[in-house]
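In: this one's structure only:
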């Protein structure tokens with residue numbers, strides 16, 4: 001029954017063969033062509049041997065090439081990560097089994113196929129195994145059929161390594177390699193799912209994607225070993241042993257001298273016979289930069305071959321965050337091609353046998369992947385906003401908006417939160433023309449606002465009072481979105497005075513002094529200056545945090561989300577932290593300078609928490625003299641991401657709001673806050689160019705160190 005043909009025709013138009021009940025490719029535990037253990041050891045391979053493996057594959061012997069490809073993935077973590085990304089791009093797509101045509105018979109066949117496929121154990125693992133064809137050129141999964149008098153069902157889908165197969169004389173047909181003492185095994189198509197993924201045209205031995213990665217792998221593999229060998233002796237002087245005259249080179253004494261010379265590199269101690277001598281020769285230093293450059297070159301070659309682009313891999317010195325998100329890690333045309341090819345294989349070699357063996361000649365179902373092109377919803381939102389401003393009265397369907405932005409439409413009676421344009425923020429620099437345009441546009445939008453709602457917000461009242469204007473006038477001067485508000489001139493002047501620190505000075509500065517220095521972990525001084533320049537431009541122009549990330553990515557200083565940075569780069573999360581901390585520090589510096597200028601008429605301050613947490617919550621609402629112990633100990637920020645601020649108050653306001661009794665309750669005792677955020681604000685926030693100076697001796701010591709550092713402009 002194993003090779004009997006039935007009258008039913010398969011997808012290729014040929015008579016269908018019944019499956020063999022026994023497995024065609026059981027593993028050989030005692031050795032032979034189908035062993036579990038690979039026979040290739042990368043550590044001992046030479047380029048000549050690797051070339052021989054690739055040439056052998058072109059003649060049909062796929063075993064050594066396939067074993068080499070397995071080892072390449074195991075030994076090179078970056079190559080393996082890119083391959084897993086490529087496979088995951090397809091494996092993560094939703095799939096479904098669809099009728100082959102619009103008929104009741106086709107729908108019944110599809111329903112039957114769904115039922116059988118749902119009973120296959122570890123189906124997701126089998127799909128992953130088939131996607132191994134992407135790097136290897138082909139992948140084989142053997143179907144272990146379970147049969148009864150009336151039905152054939154796949155009981156298991158078993159992965160079979162590519163090194164168990166060879167190509168026939170036609171260069172295309174796959175056969176199992178000879179087992180111990182046996183003949184070559186012809187594959188029964190009904191027992192196998194053979195998925196092929198051709199990276200290029202040609203016969204089977206040349207179509208695998210990993211053939212394009214061999215050179216990059218060899219370069220990276222050898223360079224890693226050379227770099228490690230260099231690291232072992234980096235900085236060590238050359239040791240030369242001089243054997244006393246008359247002692248043979250093959251004697252025990254010569255061997256002992258050799259051991260002593262080697263021991264100097266590890267133990268820094270040695271014992272030698274009298275008359276023998278060990279001399280050291282100083283060598284010129286090096287940093288190993290050449291090895292890093294070679295590794296990066298090999299990495300770019302591998303990345304391009306596998307992902308089709310380097311924008312989201314961290315290998316491209318440039319590119320935008322938004323574009324990287326649209327690329328979704330793998331170039332979409334490659335992902336779509338992989339998915340379409342796998343869907344065809346599963347339709348022809350899994351669904352077709354299931355239906356034809358059990359239901360006869362009926363319309364065959366097909367396997368389908370839901371492939372959706374990624375869309376930049378941020379760009380869509382910006383486009384809609386621009387169109388709304390350009391075309392007054394423009395309307396779009398409500399249901400379309402919910403669908404486009406993947407927002408569930410609220411049900412009847414369901415509690416909802418209404419989203420409105422943000423109305424909270426700080427004043428822009430009134431000298432900025434760009435800010436003036438935004439203020440006028442915001443004023444037009446707020447002109448019909450219900451100001452009674454705005455004035456009910458305590459933070460709004462405090463900020464309006466600080467700027468000495470009515471709530472209505474204050475509302476007209478707010479930005480639409482706090483994320484791109486422009487800092488005032490004092491804050492920008494504070495940023496301009498910051499110096500670029502080096503490692504030694506950064507460690508020597510107090511927490512207050514560090515507020516006046518630029519320092520980005522993982523970057524050198526010149527790279528830090530680039531980050532500081534771009535951040536200042538972003539804050540001057542009122543651009544968003546994402547635009548700051550795009551600037552850094554364009555310079556090759558940062559990488560998109562969820563990707564590991566290379567040397568001289570920082571991850572996206574760190575770039576966001578740099579933006580947020582420095583933006584809030586500059587804002588609070590400007591606010592401190594402004595408040596001190598008015599302290600004669602507004603001598604008190606109140607601490608406001610916009611997003612209180614366990615660190616800053618004890619300070620929320622505290623009222624104290626601006627020049628007293630409390631505000632000499634605490635000033636925002638007091639932790640990463642802190643969005644607290646201080647507003648000034650006059651004697652009249654203290655009395656009118658009944659806060660006089662709270663003036664002595666502000667406690668300056670230590671908080672559970674990071675030490676780097678605890679300092680006298682007078683030592684951090686002053687404008688030296690306008691005659692400002694530190695408030696304490698510690699601040700003056702910081703200033704002496706800072707004056708020896710370069711400004712941003714000096715390094716660009």
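Out: That came through fine. Treat the numbers as computed from the prediction; the structure is a model and nothing was measured.
In: Quick one: neighbours of residue 116, just the number.
Out: 18 (other C-beta atoms under 10 Å). (Glycine included, C-beta is placed from N, CA and C.)
In: Kindly report the same for the one 4 residues further on.
Out: Residue 120 has 17 neighbouring residues, counting by other C-beta under 10 Å.
In: Just say helix, strand or coil for the residue nearest to it when sequence neighbours are not counted.
Out: With sequence-adjacent residues excluded and distances taken as C-beta to C-beta, 6 or more residues apart in numbering, residue 120 is closest to residue 154, at 5.4 Å. Following DSSP: H, G, I helix; E, B strand; the rest coil, we place residue 154 in the strand state.
In: next one: the one 3 residues further on
Out: Reduced to three states with three-state DSSP, the structure at residue 157 is strand.
In: Contacts only, for it.
Out: 120, 122, 123, 126, 129, 141, 142, 143, 144, 193 (C-beta atoms under 8 Å, 6 or more residues apart in numbering).
In: Confirm for me that the residue nearest to residue 120 is in contact with residue 354.
Out: Yes - assessed by C-beta atoms under 8 Å, residue 154 is found in contact with residue 354 at 7.1 Å.
In: Need the overlap of contacts for the two.
Out: Residues touching both residue 154 and residue 354 by C-beta under 8 Å, 6+ apart: residue 116.
In: element containing residue 117, please.
Out: helix 104-118 (DSSP states H and E).
In: What are the buried residues along that helix?
Out: The neighbour-count check on helix 104-118 (16 or more other C-beta atoms under 10 Å) flags 106, 107, 108, 109, 110, 112, 113, 116, 117 as buried.
In: hey, where'd the helices end up in the stretch 401-550 of the chain?
Out: 433-446, 451-454, 458-466, 471-476, 489-497, 503-508, 511-514, 525-541, 545-554 (DSSP state H, counting those that start in this stretch).
In: Now the weakest link among those helices, please, by mean pLDDT.
Out: Mean pLDDT is lowest for helix 433-446 among the helices of the stretch 401-550 of the chain, at a mean of 38.
In: what's the distance between residue 645 and residue 594?
Out: Residue 645 sits 12 Å away from residue 594, going by C-beta to C-beta, to the nearest Å.
In: Between these two, which is the more surrounded one?
Out: The neighbour count for residue 645 versus residue 594, taken as other C-beta under 10 Å, is higher for residue 645 (24 against 17).
In: Identify the bridge partners of the more buried one.
Out: Beta bridges link residue 645 to residue 608 when assigned by DSSP bridges.
In: quick one on the thing from earlier: return the member of the contacts of residue 157 nearest to residue 499.
Out: Nearest to residue 499, judged by C-beta to C-beta, of those is residue 129 at 57.0 Å.
In: need the contact list for that closest one.
Out: 139, 141, 157, 159.
In: ditto for residue 667
Out: Per C-beta under 8 Å, 6+ apart, neighbours of residue 667: 618, 622, 630.
In: Same question for residue 605.
Out: 595, 623, 624, 625, 626, 631, 646, 647, 648, 649.
In: And residue 339, by the same measure?
Out: Counting by C-beta under 8 Å, 6+ apart, residue 339 touches 90, 93, 369, 371.
In: Looking at neighbours, which among the residues you listed is most surrounded?
Out: Most surrounded of the contacts of residue 339: other C-beta under 10 Å gives residue 90, at 26 neighbours.
In: Distance check, that one against residue 71.
Out: 24 Å.
In: same check, this time on residue 132
Out: Distance from residue 132 to residue 71, by C-beta to C-beta: 14 Å.
In: Between the two, tell me which one has more neighbours.
Out: More crowded of residue 132 and residue 71, by other C-beta under 10 Å: residue 132, with 23 against 17.
In: for that one, what are its contacts?
Out: 87, 139, 159, 162.
In: Sort out which of the residues you listed are in strands and list them.
Out: When DSSP state E defines the strands, the subset of those inside them is 139, 159.
In: Fine by me, we can end here.
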